[in-house]
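# Let's see this in three dimensions:
(2 chains)
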Amino acid sequence: MTRRGAGLSGVVAGTLCAGGAYATAWLSGGTSPAAPWLMVAGIALTLPGTVLLGAGRSTRQPWLIGAAVVLAIVLASVFGAALFLPHETPADRLLLGLPRRLALVVYGIGLVPALILPLAFARDFRDDGLDPDGLKALRDECARLRGESS
Amino acid sequence: MRPPAGRIVVKTPEVVAAAIAYALVCTVIAWWASRRVTSAREFFVAGKGVGVWTLAIASMASALSGFAFIGGPGLVYATGAGALYIVLPAAITGALSAWVLARRLRLLAEVRGLMTVPDAIGARYRSPGAQGLAAVAILIAIVGYMATNFLALGLVIDAIFGTGLTAGVVIGAAAILAYSAAGGIVAGIYTDLFQGAVMAIASLLVFIAALQSGGGLGDISRDIMQGDAAFLGPWGSFTPLAAMSLFFVFGLGVLGQPHVIHKYYMVRDPRSLRWYPLLMTAAMLVTLLLFFGVGIAMKARVLAGDIPPLARPDDATPQFLLRYASPLLAGVVFSGVAAAIMSTVNSFISVGSAAVARDIPRARGWRVANELRVGRVSSVVLTVIAVLIALRSNTLVALLGVFGWSLFASTLVPALAIGLAWEGATRSGAIASIVTGLALTLVLESLVWGKVIALPAGVSAAGLTVVASILVFLAVSWLTRSTAARDLDPDVRLIMNL
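Sure, this is the predicted structure:
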């Protein structure tokens, strides 16, 4: 399967999971224990899938795929842990100033991707053909293609 | 118009001085920018002359409205950690949006002269109809957003200068309109740059003050855990599904925010886009510190018995500033609130005027001789409509306000973001998804808002419409897949695959 095919599959499967989460919640009056787990799958498939689908061909594949895989793992594991771990009590120790599960969410979802994804994008980004000469060549090529098709 | 209960007044000399200084700087920038605008290209896309630092900070300022400074901290105070799922996607969305849209939109602007988001949809599917439908969805969303933001700006101006709410709305709208109509997006971008800097500085300083008010994050957490442990649970008072649903909608929805993504057209050197996600993500995270910090700091102080419970959640930021910040910092923050509102509204005016002057006429096959003039007149008309709604009907403001994000996400994400990445998308799929997003948002959000139907816990109207529009887009594109190649011009295909 191509990278874009995998991305599109992720978007389709993730959106279906999110829709499934809403459907099971609706049918159960909001009490279905499966609904949040389906939404975890929906988020962890759709967002990385969109990255894989959306990135152009002029990318360094390992960085892009690595970023998408890390994103999927982080989203699934942090949201899964927040659902799975026991509730904290006031006597429990804090993790970096917050109760354990909230710390996982705030630092895991709110910080880790912010450190990884922009750097992966910068490493992934190829600027071949984006200089003034390259842009002129692109304009000429696109004009030629439009002329042929019209 | 019904006056707000429990009016906040912050009319201290420091706050007034900071607000006047802020207004003066904005005026100078707007005057400078208005002298540069001589064409529709400069009015709508700043002549493709914007640097990446300016692009990132202006995008942050446009993306964050006054909600990040007032409503958001209030929501954290009222509902706990669940409210954070609105802002947590900011760690992801800068890179996500850049990967999917930045390069393609900038290159489409290069070879096709595109200026608007509906332009891109029209070019992608060779479809003026899809372009026009997208423009209609954008216009409906924008008018509602503008009305809610004008109302919020009126409250801020009234709190600082004691003008009264009606005069505050009119003064605020007139100020934004003056520089939007005269200087277009050039004035918008450079005032956004200044306003974004004010927002980031204000947020960082307030976050530090918030931590100091409670003796550090650990002590704040302990104060809250003693009185209300669920507040700092991972979902706050939301259900897990409701909290994650916010994350899903706001994470994907950023790909359909026209006032943010249309700025990709404006970047001077596309090679500089390499650093856009890093700058944008850093700017967003710094500016959102206030959202998190003030909400939990005020909750801790209330639970510790230092201050009485707030009359309204939206009082969290003003009350925090009056009690725990220096007068000068309070002045900077109130200017930051005004900055957040003004930067967002001015981008809406630009996008809305482009829809009226360019997208809808093209969809109808009308030729507009002078897009610059029509754009300026449209700016005035849209502002007047939004002000009238803000001043005449609290009900309509509230209803239109809930449409905004949902409309953008459900009508633009499938057709634009997925469509520009997937050659198998078809014109029929795009039109079907835009119609689905538009109709479902208007009907479902109205029924929920009017309490005609109640959705089960955790099921959001915005989430349902986004899921439905994506699935309709994929399904109809698959059913009409034989037309996919015909719906895609070869030059657009070339750019999609670069």
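# and the helix or strand harbouring B:F348, what does it pack onto?
Per DSSP states H and E, B:F348 falls inside helix B:327-354. Contacts defined by 3 or more CB pairs under 8 Å, 6 or more residues apart in numbering or on different chains; DSSP states H and E place helix B:327-354 against helix B:13-36, helix B:40-45, helix B:52-63, helix B:128-161, helix B:165-213, helix B:258-261, helix B:316-324, helix B:371-392. (C-beta placed from N, C-alpha, C; glycine too.)
# quick one: low-confidence ranges for chain A?
Where chain A drops to pLDDT under 70, the residues are A:57-60, A:149-150.
# 80 instead, please
Applying pLDDT under 80 to chain A flags the ranges A:1, A:30-31, A:56-61, A:148-150.
# Who are the contact partners of the closest residue to chain A within the stretch 201-350 of chain B?
Shortest the stretch 201-350 of chain B-to-chain A distance, computed as CB to the nearest CB: residue-wise this is B:L217, at 3.3 Å. Residues near B:L217 by CB atoms under 8 Å, 6 or more residues apart in numbering or on different chains: A:96-98, B:211.
# ok, back up a step: output the helices and strands packed on helix B:327-354 in CSV, with mean pLDDT appended to each entry.
Listed next are the helices and strands packed on helix B:327-354 as CSV, based on pLDDT from 0 to 100:
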stretch, mean pLDDT
helix B:13-36, 84
helix B:40-45, 74
helix B:52-63, 91
helix B:128-161, 89
helix B:165-213, 88
helix B:258-261, 91
helix B:316-324, 89
helix B:371-392, 88
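# Rebuild those helices as a markdown table, extending it with mean neighbour count.
Shown next, in a markdown table, are the helices and strands packed on helix B:327-354 (neighbours: other CB atoms under 10 Å in any protein chain shown):
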| stretch | mean neighbour count |
| --- | --- |
| helix B:13-36 | 17 |
| helix B:40-45 | 24 |
| helix B:52-63 | 26 |
| helix B:128-161 | 25 |
| helix B:165-213 | 23 |
| helix B:258-261 | 27 |
| helix B:316-324 | 23 |
| helix B:371-392 | 19 |
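# burial count for the residue lying closest to B:A229 once chain neighbours are set aside?
Excluding the flanking residues, the one nearest B:A229 by CB to CB, 6 or more residues apart in numbering or on different chains is A:P90, at 6.2 Å. A:P90: 13 surrounding residues under other CB atoms under 10 Å in any protein chain shown.
# where does A:P90 fall, helix, sheet strand or coil?
When classified by DSSP: H, G, I helix; E, B strand; the rest coil, A:P90 comes out as coil.
# Quick check: the gap between it and A:R126.
Distance from A:P90 to A:R126, counting by CB to CB, to the nearest Å: 52 Å.
# try B:A141
35 Å.
# can you check B:T426 too?
Per CB to CB, B:T426 is found 29 Å from A:R126.
# A:R139 now?
The gap separating A:R139 from A:R126 is 19 Å, by CB to CB.
# before we move on, what about B:G129?
Going from B:G129 to A:R126 by CB to CB gives 35 Å.
# And for B:Q131?
Computed as CB to CB, the B:Q131 to A:R126 distance reads 30 Å.
# for chain A, what spans make up the helices?
A:3-27, A:34-54, A:61-84, A:100-110, A:112-124, A:132-149 (DSSP state H).
# deepest of those, which one?
The highest mean neighbour count among these, using mean count of other CB atoms under 10 Å in any protein chain shown, belongs to helix A:34-54: a mean of 25.
# Distance from the chain centre to it, please.
Mean C-alpha position of helix A:34-54 versus that of the full chain (CA atoms, centre = their mean, to the nearest Å) differs by 7 Å.
# That helix vs helix A:112-124, what angle?
Going by axes from the mean of the first three to the mean of the last three CA atoms, to 10 degrees, helix A:34-54 is angled at 20 degrees with respect to helix A:112-124.
# name the helices or strands packed onto helix A:34-54?
Under the contact rule (3+ CB pairs under 8 Å, 6+ apart), helix A:34-54 is packed against helix A:3-27, helix A:61-84, helix B:90-97, helix B:240-253.
# can you put those in CSV and add distance to B:G295?
CSV is the format used below for these (distance: least, CB to CB, whole Å):
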stretch, distance to B:G295
helix A:3-27, 27
helix A:61-84, 19
helix B:90-97, 16
helix B:240-253, 15
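# out of the ones you listed, which comes closest to B:V332?
Comparison of those against B:V332 by CB to CB identifies helix B:90-97 as nearest, at 22.0 Å.
# what does the closest one rub up against?
Here helix B:90-97 makes contact (CB under 8 Å, 6+ apart) with A:47, A:50-51, A:54, A:67, A:71, A:109-114, A:117-118, A:120-121, B:250-251, B:254-255, B:260-261, B:276-278, B:280-281, B:284-285, B:288.
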